[in-house]
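>>> sequence below, structure please.
(chains A and B)
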Amino acid sequence: SAVISQKPSRDICQRGTSLTIQCQVDSQVTMMFWYRQQPGQSLTLIATANQGSEATYESGFVIDKFPISRPNLTFSTLTVSNMSPEDSSIYLCSALVERNSPLHFGNGTRLTVT
Amino acid sequence: GENVEQHPSTLSVQEGDSAVIKCTYSDSASNYFPWYKQELGKGPQLIIDIRSNVGEKKDQRIAVTLNKTAKHFSLHITETQPEDSAVYFCAASPHGSSNTGKLIFGQGTTLQVKP
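This is a model prediction of the structure:
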């Protein structure tokens, strides 16, 4: 398995601003993903973070709103841009050590937009 | 697209009793079904998973069963303990994907184990 660390663990931001969330894995992993968990709800996949190329976004999520970087096999960032209160959620970084291995999650970033 | 329904949304049991959480999925091509436990303030933690070529899998007090014909799978926790109290999520891989990172999650079940 992999240990996944996210920073910050929580933040309170004003609407219209942007926040970049960092995700660090303690070992090289094949794939990294970003999920969103809205308050009291389930998890929804935002995008697959591809190393050295543009992320692959799921329906309903766009690069302008959620730009993602993955410069190497252990690190990724998710930016939540031009935030509104509807963006208040937990943002979860996750990773696969190998393509068919189980998915592991970090502890998430709890974002509140006022 | 794939849809995963999870029931019940809340479950309260006495310590020592069994707990069962059920999920149904819509995509018959789904072939990977993990279960996650999420404690307050933490990320989801994988507790058990099953693939479509297996009908049942057990790990100590936890078991998962899969019925491909009916497209449902269940989590069974025996001899529940207060530390089992958490939110449990089922998930399924959509469209028969071999990518176990792209998951569709159920709505979650809040399990409370009363001492």
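>>> for the rest of this, base every contact and every neighbour count on C-alpha atoms.
Will do.
>>> contacts only, for the closest residue to chain B within chain A.
Nearest to chain B in chain A, going by CA to the nearest CA, is A:Asn107, at a distance of 3.9 Å. Residues counted as contacts of A:Asn107 (CA atoms under 8 Å, 6 or more residues apart in numbering or on different chains) are A:Ile4, A:Ser5, A:Gln6, A:Ser9, A:Leu92, B:Gly41, B:Lys42, B:Gly43, B:Pro44.
>>> show me what from chain B comes close to chain A.
B:34, B:41-46, B:49, B:89, B:98-108 (CA under 8 Å from any CA of the partner chain).
>>> buried subset of the residues you listed?
Neighbour counting by 16 or more other CA atoms under 10 Å in any protein chain shown classes B:34, B:43-46, B:49, B:89, B:99-108 among the residues of chain B next to chain A as buried.
>>> out of the residues you listed, which sit inside strands?
Among these, the members found in strands (DSSP state E) are B:Pro34, B:Gln45, B:Leu46, B:Asp49, B:Phe89, B:Ile104, B:Phe105.
>>> could the residues you listed go into a markdown table alongside pLDDT?
A markdown table is the format used below for these (pLDDT from 0 to 100):
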| residue | pLDDT |
| --- | --- |
| B:Pro34 | 96 |
| B:Gln45 | 97 |
| B:Leu46 | 96 |
| B:Asp49 | 95 |
| B:Phe89 | 98 |
| B:Ile104 | 95 |
| B:Phe105 | 97 |
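>>> and those, which is closest to chain A?
Taking those together and measuring to chain A by CA to the nearest CA, the closest member is B:Phe105, at 6.0 Å.
>>> thanks again, I'm all set now.
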